[in-house]
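Visitor: Got a predicted model here, sequence first, then my questions.
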There are 2 protein chains.
Amino acid sequence: MSSHDANTRTRILDASVRLMADRGGKGVRMGDIAKAANISRQAVYLHFTSRAELLEATTRHLDRQLNLEHRLEPSRAATTGADRLARYIEFWGNYIPEIYPVAKALLLAQDTDEAAATAWRERMQAMRDGCRAAIEALAADGDLAPQWTAERATDMLWTLLSVRNWEQLTQDCGWPASQYIQWMQTVAHRTFVAN
Amino acid sequence: MSSHDANTRTRILDASVRLMADRGGKGVRMGDIAKAANISRQAVYLHFTSRAELLEATTRHLDRQLNLEHRLEPSRAATTGADRLARYIEFWGNYIPEIYPVAKALLLAQDTDEAAATAWRERMQAMRDGCRAAIEALAADGDLAPQWTAERATDMLWTLLSVRNWEQLTQDCGWPASQYIQWMQTVAHRTFVAN
DNA sequence: TTTGCAACTTGACACAGTGTCAATTGACAC
DNA sequence: GTGTCAATTGACACTGTGTCAAGTTGCAAA
């Protein structure tokens, strides 16, 4: 029965999100997720062909739960390019901490798993589109600093806002999330906005 | 005999560097290194207690081969803070590509191996010292942009210059090494130098 | 009531790569 | 000769993923 089916699938995804959050994404095995969902390990493979696929589905599940699209609205509604850039960074800086454990698991799986690497690349490509939109809004206002092309500026902003960088600043350097947002806005503004 | 001992050790390290360079650091197993050094897999464990230790020794071996200290001189000899910053980025941008395969292997081992994670952290801490020196030279000239403290600016520069960022810009975005240097200098200058 | 399908369970197994252990060989030194 | 040290050979434990085959349960349509 397909409703039963969907329920089990959802239960797996919920369990996956929960475990990732608990353990910071590290050391969550297929068997752990199965156990947390009150299901056999093999049943998980009935719904997801591989760990990578499950991980990817987990991030999408989380995006839906966190209402990703709704959160992007302030940035999209901005009236100037500089404002759009600042709001995008604010959105992202508030979003990362919520997806971090799951993202981290996907990030770790990358090294061994080609499918996970592809899944991650796709996710980051979507994030890149947001960067490009902000940079292009800036360029449309004539406010992109003259040494940049839109393409290179997008590359650089995208890199600046990577999950790894967030991780390093907040985990290793101990910055609070609010400071991450503030300083990233500062760097982006000074770097990309013509003065 | 200890000279024989040292020879074998060196042979292992040379083989390790060679294989890493060939395969980009990925998928280099203990057995491969042993074979390349004309030695049994177990003999490697006679010289290095674990893969992580071997990897770390490989990076140090490479630093010596590449004359790390000598390469740092231009940056240390700079007369202004802004110059020191630019020269440090230039050094680093030229250095990363040479150590990248080995660094990548150490980076990958991190996820499974606590010892590798510690080794990497130590290496990056050393790099951080270079960042701090550049930022402090800038501050000593009174040229550090007023919103920054030396500590936060160091955090940010250190993050900006991470191997992951270099990887993303040159591998994923396809920037040539020369462009990496140029644009990183641009970002750092606009971000940290008072105008 | 029977038949049949679909979701799920159980248990066993292959595979990769790391690290460990024990027994053995070969060379050189004293 | 005897001791010692480097190195070899081969077997094995361990971990986690993914696969396979055979059996169970429950619901549904005939």
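Guide: Noted; the coordinates are in hand.
Visitor: Does anything pack onto the longest helix belonging to chain A? Which helices or strands?
Guide: In chain A, assigned by DSSP state H, the helix with the most residues is helix A:81-109. On a contact count with 3 or more C-beta pairs under 8 Å, 6 or more residues apart in numbering or on different chains; DSSP states H and E, helix A:81-109 meets helix A:2-23, helix A:51-66, helix A:68-77, helix A:114-140, helix A:163-167, helix A:177-192. In short, each C-beta sits where N, CA and C put it, glycine included.
Visitor: Low-confidence bits of chain A, can you list those?
Guide: A:1-6 (pLDDT under 70).
Visitor: what does it have sitting close to DNA strand D?
Guide: Remark: the part of chain A in contact with DNA strand D comprises A:1, A:27, A:29-31, A:41-42, A:45, A:49-52, A:113, using C-beta under 7 Å from any atom of the strand.
Visitor: Out of the residues you listed, which end up buried?
Guide: Buried members of those, counted by 16 or more other C-beta atoms under 10 Å in any protein chain shown: A:Met30, A:Arg51, A:Ala52, A:Asp113.
Visitor: Make a markdown table from those and add distance to chain B to it.
Guide: Formatted as a markdown table, these follow (distance: C-beta to the nearest C-beta, whole Å):
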| residue | distance to chain B |
| --- | --- |
| A:Met30 | 17 |
| A:Arg51 | 14 |
| A:Ala52 | 15 |
| A:Asp113 | 12 |
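Visitor: will you turn those residues into a markdown table that also has distance to B:Leu85?
Guide: Below are these laid out as a markdown table (distance: C-beta to C-beta, whole Å):
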| residue | distance to B:Leu85 |
| --- | --- |
| A:Met30 | 48 |
| A:Arg51 | 43 |
| A:Ala52 | 41 |
| A:Asp113 | 39 |
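Visitor: what about the closest residue to A:Gly142 other than its chain neighbours, how many residues close to it?
Guide: Sequence neighbours aside, A:Ala194 is the residue nearest to A:Gly142 in space, at 7.6 Å (criterion: C-beta to C-beta, 6 or more residues apart in numbering or on different chains). Using other C-beta atoms under 10 Å in any protein chain shown, A:Ala194 is surrounded by 13 other residues.
Visitor: distance of A:Ala194 from B:Leu160?
Guide: 21 Å (C-beta to C-beta, to the nearest Å).
Visitor: Next: A:Ile39.
Guide: 45 Å.
Visitor: which of those two has more neighbours?
Guide: Using other C-beta under 10 Å as the criterion, A:Ile39 and B:Leu160 rank with B:Leu160 on top: 21 against 17.
Visitor: who's in contact with that one?
Guide: By C-beta atoms under 8 Å, 6 or more residues apart in numbering or on different chains, the contact set of B:Leu160 is A:Leu160, B:Met184, B:Val187, B:Ala188, B:Thr191.
Visitor: If we only consider the residues of chain A next to DNA strand D, which is nearest to DNA strand C?
Guide: Among these, A:Gln42 lies closest to DNA strand C (C-beta to the nearest atom of the strand), at 3.8 Å.
Visitor: Put the alpha carbons of the stretch of helix or strand the closest one belongs to into CSV.
Guide: With secondary structure defined by DSSP states H and E, A:Gln42 is part of helix A:41-47. The C-alpha coordinates for helix A:41-47 follow below in CSV (Å, rounded to 0.1, in the frame of the first residue of the first chain):
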residue,chain,number,x,y,z
ARG,A,41,18.4,-2.3,8.3
GLN,A,42,17.4,-4.0,5.0
ALA,A,43,14.0,-2.2,5.0
VAL,A,44,15.9,1.0,4.6
TYR,A,45,17.4,-0.3,1.4
LEU,A,46,13.8,-1.0,0.2
HIS,A,47,13.3,2.8,0.2
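Visitor: for it, packing partners?
Guide: Judged by 3+ C-beta pairs under 8 Å, 6+ apart, helix A:41-47 is in contact with helix A:2-23, helix A:30-36.
Visitor: Quick one: closest of these to A:Pro97.
Guide: The closest of the helices and strands packed on helix A:41-47 to A:Pro97 is helix A:2-23. By C-beta to C-beta, the value is 10.9 Å.
Visitor: Just the residues contacting the closest one, thanks.
Guide: A:28, A:32-34, A:36-39, A:43-44, A:47-48, A:54-55, A:57-58, A:61-62, A:65, A:101-102, A:104-105.
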